[in-house]
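Novice: give me coordinates for this.
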Amino acid sequence: MAKPDETRGEVLEVLRGVIDGVKAGTVFGTPVSRNGLTVLPVARIAGGGGGGRGDGSNGRGADGSGGGLGLSARPVGVYVIRDDGVTWSPAVDVTKVILGGQLVGMVALFTLRTLFKMIRDRRTRAQQPSPAPEEAATTD
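Specialist: Alright, predicted model coming up:
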């Protein structure tokens, strides 16, 4: 089992490597140039981490340790650089587009269903004969 000072040193080394790895070059990719056109890819970088330690338990052989670190990178688009200016072209996440379309479709179906029920109920009420007014009792 590693000593606490050794473990702490290893963790700090890993963290330094992660911090050094997340730079502008990580977010902005290597530009590609051809025929007067330069494309600069852009990504979104996110990360998180956590750790733990024990020794506060009353159980047998109580000890503890733990930790975790995670990074993710997702393309968000490219800058297209021409002689006449710069434009932004976002990366399209097809999954989100499909899910959004399904959501809109479901809302439209439920709305149409409700409208058709309202129309049907109005027609049904209009076709029903109205109750005849009670004849007033006349006393002679």
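Novice: helix or strand with the lowest mean pLDDT in this protein?
Specialist: Ranked by mean pLDDT, DSSP states H and E, the helix or strand of the chain with the weakest confidence is helix 24-27, at a mean of 66.
Novice: toward the C-terminus, what is the element adjacent to that helix?
Specialist: Going down the chain from helix 24-27, the next helix or strand is strand 32-34, by DSSP states H and E.
Novice: need the CA coordinates for stretch 30-47. CSV is fine.
Specialist: Taking C-alpha atoms only, stretch 30-47 is exported to CSV below (Å, rounded to 0.1, in the frame of the first residue of the first chain):
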residue,chain,number,x,y,z
THR,A,30,-5.1,23.2,-35.4
PRO,A,31,-6.1,25.6,-38.2
VAL,A,32,-6.3,24.0,-41.7
SER,A,33,-5.6,26.3,-44.7
ARG,A,34,-6.2,25.7,-48.4
ASN,A,35,-6.9,27.9,-51.4
GLY,A,36,-7.3,31.1,-49.3
LEU,A,37,-9.6,29.5,-46.8
THR,A,38,-8.7,28.7,-43.2
VAL,A,39,-10.9,26.5,-41.0
LEU,A,40,-10.4,26.7,-37.2
PRO,A,41,-12.2,23.9,-35.2
VAL,A,42,-13.6,24.8,-31.8
ALA,A,43,-14.5,22.4,-29.0
ARG,A,44,-16.1,22.7,-25.6
ILE,A,45,-14.0,21.3,-22.8
ALA,A,46,-15.5,20.3,-19.4
GLY,A,47,-14.0,18.6,-16.4
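Novice: ok, residues contacting it?
Specialist: 18, 22, 26-29, 69-83 (Cβ atoms under 8 Å, 6 or more residues apart in numbering). To be clear about C-beta, it is placed using only N, CA and C from the backbone, and glycine gets the same treatment.
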